[in-house]
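>>> Have a look; sequence and predicted model below, questions after that.
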Amino acid sequence: MINNIQLNNFRSYKDLQVELSKNINVFIGENGQGKTNLLEAIYFISNIRSHRTRSDKDLIHVEDDFARIIVNTEKNNKKEKIMCVIHAEGKYFSINNNVVAKTSDILGRINTILFYPNETKIFSDTPSSRRTFFDVEIGKTSKNYTRIFQEFNNLLKDRNRLLKEEKIDKILLDVITKKMIESQLFIINERKFITEFINNKIKNNLKKLSSDEFEIDMTYISSVKDLNFDEMLSKYNSNIDRDSFARTTTEGIHRDDYEFKTNGVEISKYLSQGQTRLVLLAIKFVLIDYIILKTKENPILLLDDVLSELDLNHQKKLIKSIPNYVQTIITTTEYNLVFKNADIRKYQIKESKILIKEDFDVKQ
Ligand SMILES: Nc1ncnc2c1ncn2[C@@H]1O[C@H](COP(=O)(O)OP(=O)(O)O)[C@@H](O)[C@H]1O
Ligand SMILES: [Mg+2]
């Protein structure tokens, strides 16, 4: 869990210190007050990237030349100070004031699951964005996956480069193809596992989150997922003419997709925005269990603007669904009755300044 966060020159924050409760924390503030910026900082220090910009420079306060995030964490009574400094030339991380040599080593130190409303677009977006969505989740729990996935991508680039040549070196092509098959078998297994895991658990989560009766089927779609090494090799061999004509590798896990259906219809064509949001939330709740299973550690749940588009009944169900062993940070524009609970710490956020509130006047 995170005990406290310090931000300097991060986005709209010049200088912020905030202590978090180990249970649910709710940040209440109007639009543009810094709610998402705060979650983004936590997301950034755990995932070494932002969920809303590719350019780290955007994260530095406009008038400054560096940004700093410090979080003090606690796991099994072990405390750690994790720091990240971002400047125009790059970023570095340190743990207990020792600089981390390889940035990627910071991954897994703090595991977060982030929900933000715009992410529901993955259901109607390209296969590639759905692949990325799940690759990121698998990668959080397995450094091997990240490494092997990277190797596969390099091999794919090599193979495609080879396919573009006038005279293809068949021996080299064979070597690369075999290595590619090895990495794919590993990747396919992990993708199958996460699909099965979500399918087994999503129903129960949806029931807790929603009173409507709808079921979700997630399918992992891949033309190579059921093949063993030899079968894949013969597929690649029989594809050679097509691949060299297309000058690219036409089949493989780089073409995989995931499908989400309710009653046999794709959910993006059937469910309302509110229902789609609940499906995404149900998936996020399954991912909590997935991370716990694979890392034996509780992730931190970050729910950005999660209550909009949900009626009071669904808002209540959502708050109830949060397991008490998962530290949670929720942002919202309005204080409402859902939060009238002693286990929830409430903060008011205004112009990127934060105040802890004992209780608000509730408009009934
Ligand atoms: N690099 C930056 N420097 C200064 N202010 C920034 C920077 N990036 C974003 N902001 C400001 O942060 C505010 C948005 O904060 P955000 O956390 O997204 O709001 P919300 O509370 O609606 O989630 C905007 O007013 C924007 O101008
Ligand atoms: Mg926001």
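Received, thanks. Ligands and ions are numbered 1, 2, ... in the order given.

>>> switch to C-alpha atoms for all contacts and neighbour counts from now on
Will do.

>>> Next to ligand 1, which bits of the protein? Give me the list.
With CA under 6 Å from any ligand atom as the criterion, the chain meets ligand 1 at residues 11-12, 31-37, 58-62.

>>> Mind doing that once more with 8 Å?
Within the chain, the positions near ligand 1 by CA under 8 Å from any ligand atom are 9-13, 29-39, 57-63, 304-305, 331, 333, 349, 352.

>>> Just checking, which helix or strand of the protein averages the lowest pLDDT?
Sorting the helices and strands of the chain by mean pLDDT, DSSP states H and E puts strand 353-357 at the bottom, at a mean of 88.

>>> Now do that strand: which elements does it pack against?
Applying 3 or more CA pairs under 8 Å, 6 or more residues apart in numbering; DSSP states H and E, one finds that strand 353-357 contacts strand 13-19, strand 344-350.

>>> How about the stretch 101-250 of the chain: which residue is closest to ligand 1?
As assessed by CA to the nearest ligand atom, ligand 1 sits closest to residue 116 within the stretch 101-250 of the chain, at 10.3 Å.

>>> ok now do the nearest residue to that residue once chain neighbours are set aside, which residues does it touch?
In this structure, residue 116 finds its nearest non-sequential neighbour in residue 304, 4.9 Å apart by CA to CA, 6 or more residues apart in numbering. Residues in contact with residue 304 (CA atoms under 8 Å, 6 or more residues apart in numbering) are 35, 36, 39, 114, 115, 116, 117, 330, 331, 332.

>>> want to throw the residues you listed into TSV with secondary structure?
Shown next, in TSV, are the contacts of residue 304 (DSSP: H, G, I helix; E, B strand; the rest coil):
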residue	secondary structure
35	helix
36	helix
39	helix
114	strand
115	strand
116	coil
117	helix
330	strand
331	strand
332	strand
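
>>> Let me have the residues you listed in JSON lines, extended by pLDDT.
Formatted as JSON lines, the contacts of residue 304 follow (pLDDT from 0 to 100):
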{"residue": "35", "pLDDT": "97"}
{"residue": "36", "pLDDT": "98"}
{"residue": "39", "pLDDT": "98"}
{"residue": "114", "pLDDT": "97"}
{"residue": "115", "pLDDT": "97"}
{"residue": "116", "pLDDT": "96"}
{"residue": "117", "pLDDT": "93"}
{"residue": "330", "pLDDT": "97"}
{"residue": "331", "pLDDT": "97"}
{"residue": "332", "pLDDT": "95"}
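
>>> related to what we said a few turns ago, so what are the sheet partners of the least confident helix or strand of the chain and their directions?
Strand pairing for strand 353-357, determined by DSSP bridges: strand 344-350 (antiparallel).

>>> what sits up against the partner strand?
So strand 344-350 is in contact with 21, 23-30, 33-35, 354-359, going by CA under 8 Å, 6+ apart.

>>> and the helices and strands packed on strand 353-357, which one is worst for confidence?
Ranked by mean pLDDT, these bottom out at strand 344-350, with a mean of 94.

>>> list the buried ones in the longest helix anywhere in the chain?
If you go by DSSP state H, the chain has its longest helix at helix 170-209. By neighbour count with 16 or more other CA atoms under 10 Å, helix 170-209 contains the buried residues 173, 176-178, 180-181, 183-185, 187-188, 190-191, 194-195, 198-199, 201-203, 205-206, 209.

>>> Which strands or helices does it pack on?
Using 3+ CA pairs under 8 Å, 6+ apart, the elements in contact with helix 170-209 are helix 127-141, helix 143-163, strand 217-221, helix 229-246, helix 273-295, helix 312-321.

>>> Let me have these in a markdown table, extended by distance to residue 47 and mean pLDDT.
A markdown table is the format used below for the helices and strands packed on helix 170-209 (distance: least, CA to CA, whole Å; pLDDT from 0 to 100):
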| stretch | distance to residue 47 | mean pLDDT |
| --- | --- | --- |
| helix 127-141 | 8 | 96 |
| helix 143-163 | 13 | 96 |
| strand 217-221 | 25 | 97 |
| helix 229-246 | 33 | 96 |
| helix 273-295 | 14 | 95 |
| helix 312-321 | 25 | 92 |
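
>>> any chance of these in JSON lines, plus mean neighbour count?
Output for the helices and strands packed on helix 170-209, formatted as JSON lines (neighbours: other CA atoms under 10 Å):
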{"stretch": "helix 127-141", "mean neighbour count": "18"}
{"stretch": "helix 143-163", "mean neighbour count": "17"}
{"stretch": "strand 217-221", "mean neighbour count": "18"}
{"stretch": "helix 229-246", "mean neighbour count": "15"}
{"stretch": "helix 273-295", "mean neighbour count": "19"}
{"stretch": "helix 312-321", "mean neighbour count": "16"}
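
>>> Make TSV out of these and add distance to residue 74.
Formatted as TSV, those follow (distance: least, CA to CA, whole Å):
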stretch	distance to residue 74
helix 127-141	19
helix 143-163	22
strand 217-221	35
helix 229-246	44
helix 273-295	16
helix 312-321	24
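
>>> can you tell which of the ones you listed is closest to residue 79?
Each of the helices and strands packed on helix 170-209 was scored for nearness to residue 79 using CA to CA, and the closest is helix 273-295 (18.0 Å).
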